[in-house]
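need coordinates for the below:
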Amino acid sequence: MRLHPGEAEATGWRVEKLSDVVRRLREAAPDVAGRPLLVAVDGRGGAGKSTLVERLRVIVPASEVVHTDDIAWNHACFDWGDLMAENVLRPLHRGEAVEFRPPAWIEHRRPGAIRVPAGADVVWVEGTGIIREDLAPWIDASIWLQGDLDEQERRLVARDGNSAAQQRHIAAWLAEELPFMLREQPWRKATIVVGSTTGLRHDPDTEIVIAC
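Residues are numbered from 1 along each chain as shown. Now for the predicted structure:
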């Protein structure tokens, strides 16, 4: 498996039911009451974070999703921790609904808002960079998706294309992502490490490959 320098390859891969993964996430924060369980889902571009979250939402129908890309939009690749904590995670910790228009949305006249209704069972907070030290007090459990970079890059090309502009965007992104990941090492902090490009046979609708 090709990984960026500094990332340790997980071992002991095995197939587990998605329902058992959800149970393990709940067990990581057994005292949560009166508010949703907040689960961070992190991984590099093309790892399959959004796909995994949609599968988890089938297991937990009364759940909601927050995408870090919406916080970061026209703001910064990774310097959005304060916005996330103050306007999304803190209200959720108080059991409140969220309705937040980031400053860049207002500046660029993007319609709508980031909304999470009150009463959700779980909120999946999905995106590269969500498992970080300064947000740890607000996150109850976490998932890191680890996969082969060659496969993840193929997925990104299939999704976003390979134009000169896209290549410049990726280069600028990696210039920030690589030192950020080396500093934070989210694969070491995650409650569960998921294999996103594994060869182990499993039913993706009901099962997942995780590391021991």
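
which secondary structure state does the nearest residue to Thr198 once chain neighbours are set aside sit in?
Closest residue in space to Thr198, ignoring its immediate chain neighbours: Val209 at 4.3 Å, by Cβ to Cβ, 6 or more residues apart in numbering. C-betas here are computed from N, CA, C, even on glycine. At Val209, secondary structure determined by DSSP: H, G, I helix; E, B strand; the rest coil is strand.

pretty sure Val209 contacts Thr197?
No. Judged on Cβ atoms under 8 Å, Val209 makes no contact with Thr197 at a distance of 9.5 Å.

what residues are shared contacts of these two?
Residues touching both Val209 and Thr197 by Cβ atoms under 8 Å, 6 or more residues apart in numbering: none at all.

which helix in this protein has the most residues?
As assigned by DSSP state H, the longest helix anywhere in the chain is helix 164-184.

report all helices and strands that the next helix or strand after that one contacts.
Next in sequence after helix 164-184, counting helices and strands by DSSP states H and E, comes helix 186-189. Here helix 186-189 touches strand 141-146, going by 3 or more Cβ pairs under 8 Å, 6 or more residues apart in numbering; DSSP states H and E.

buried sites along whichever helix or strand comes after the strand it packs on?
Downstream of strand 141-146, the first helix or strand assigned by DSSP H and E is helix 149-160. Under the neighbour-count criterion of 16 or more other Cβ atoms under 10 Å, helix 149-160 has 149, 151-153, 155-156 buried.

how about Ala28: what's its closest non-neighbour residue?
Closest to Ala28 by Cβ to Cβ, 6+ apart is Ala141, at 4.0 Å.

on the three-state scheme, Ile106 is what?
Under three-state DSSP, Ile106 comes out as helix.

show me where pLDDT drops low in this structure?
156-157 (pLDDT under 70).

hmm, 80 instead?
46, 149-160, 164-167, 169-173, 198 (pLDDT under 80).

distance of the residue sitting furthest away from the middle of it relative to Gly46?
In the chain, counting by Cα atoms, centre = their mean, Ala164 sits farthest out from the average C-alpha position, at 27.1 Å. Applying Cβ to Cβ, to the nearest Å, the value for Ala164 to Gly46 is 19 Å.
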